[in-house]
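K.L.:
need a 3D model of the following:
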Amino acid sequence: SEDPDAEDVGHKWTLSALLRHLRSIGQDTELLMQRIEDIIIKSILATASGIVSGVKQFVKHPETCFELYGFDILIDDTLKPWLLEVNLTPSLGCDSPLDVRLKSALMADLLTLVGIQAVDPILRPQNTQNRTMNNPSKRLASQRRVNSAETLTQKKKIQKPSNRSGLTGEQARIVASARAQFERRGGFVRIFPSPKSWELYSQYLDSTTGIPVVSDPLGPGRVPQGVNTNYNLMLHEQLFPAAARTIGFSVPEVTLDRLS
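P.N.:
Residues are numbered from 1 along each chain as shown. Prediction:
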């Protein structure tokens, strides 16, 4: 269709249009989405050891990278989802006005979520670059910005609790980053961590580090050395204190408005 607002025409529908259609014929779309989210979370957990190793090896600062995955999921006639493949480089090409509408919103929300600031080169002062290049100290700082980020890990010391919550500086940074990303999420839905994620998926995480443990036929689960802080548990306790504090607390199902 040439109409970007036509979400349920032809062979290409939006997820929202599909869910509206299924709900209109009496299907449980909430259960379907929970099953799809479960597949996505377990897929990430199953491959986390490679992701963690790559991040530790190549990423010197926690805010300098992000990745977008594309999950191809088949839904059978019983509404059971099946994972077909995970695309590390999902196509962002646009073959129709609907593609343009959806993928433009996706990229805008993605860049907003990770916190990349938009700069309009037209509105940027024309002489800013000249002032920087004419000032040796500013030019040196500009050139060494990446190197400075790389040295951050070398300057880390044993951190002590720095606030009333008892969190270290690094823990407080992680919690603040998670909360800020949630506020900037746009059309994204955060499925991990969630009020029930620790209850459902802690069995797949190392009890000491909180890092997903993958079964290794040649030996025990692979857990990176030198990690002794369970950031996943800490983040869950900080974001969902009621679920973490209360013994026997039954977390209500989160109703997600995916149909808007």
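K.L.:
C-alpha from now on. contacts and neighbour counts both.
P.N.:
Noted.
K.L.:
what's the closest non-adjacent residue to the spatially most central residue of the chain?
P.N.:
Centroid check for the chain by C-alpha atoms, centre = their mean gives R190 as the closest residue, at 7.3 Å. Sequence neighbours aside, F182 is the residue nearest to R190 in space, at 7.4 Å (criterion: C-alpha to C-alpha, 6 or more residues apart in numbering).
K.L.:
I'd say the one you found and F192 touch.
P.N.:
No - judged on C-alpha atoms under 8 Å, F182 makes no contact with F192 at a distance of 11.2 Å.
K.L.:
least trustworthy helix or strand in the protein by mean pLDDT?
P.N.:
Ranked by mean pLDDT, DSSP states H and E, the weakest helix or strand in the chain is helix 145-150, scoring a mean of 36.
K.L.:
centre of the chain versus the helix or strand just after that one, how much separation?
P.N.:
Note on helix 145-150: by DSSP states H and E, the next helix or strand toward the C-terminus is helix 169-183. Its chain's C-alpha centre and that of helix 169-183 lie 13 Å apart, by C-alpha atoms, centre = their mean, to the nearest Å.
K.L.:
which of the residues in the helix or strand just after helix 169-183 are buried?
P.N.:
The helix or strand immediately downstream of helix 169-183 is helix 197-201, counting by DSSP H and E. Going by neighbour count (16 or more other C-alpha atoms under 10 Å), the buried part of helix 197-201 is 198, 201.
K.L.:
what about helix 197-201, average pLDDT?
P.N.:
For helix 197-201, mean pLDDT is 93.
K.L.:
what helix or strand is the nearest residue to C94 once chain neighbours are set aside on?
P.N.:
Nearest residue to C94 in three dimensions, chain neighbours excluded: V100, at 5.5 Å (C-alpha to C-alpha, 6+ apart). For V100, the enclosing helix or strand under DSSP H and E is helix 97-114.
K.L.:
identify the residues contacting that helix?
P.N.:
When contacts are defined by C-alpha atoms under 8 Å, 6 or more residues apart in numbering, helix 97-114 is touched by residues 1-7, 66, 92-94, 117, 181-182, 184-188.
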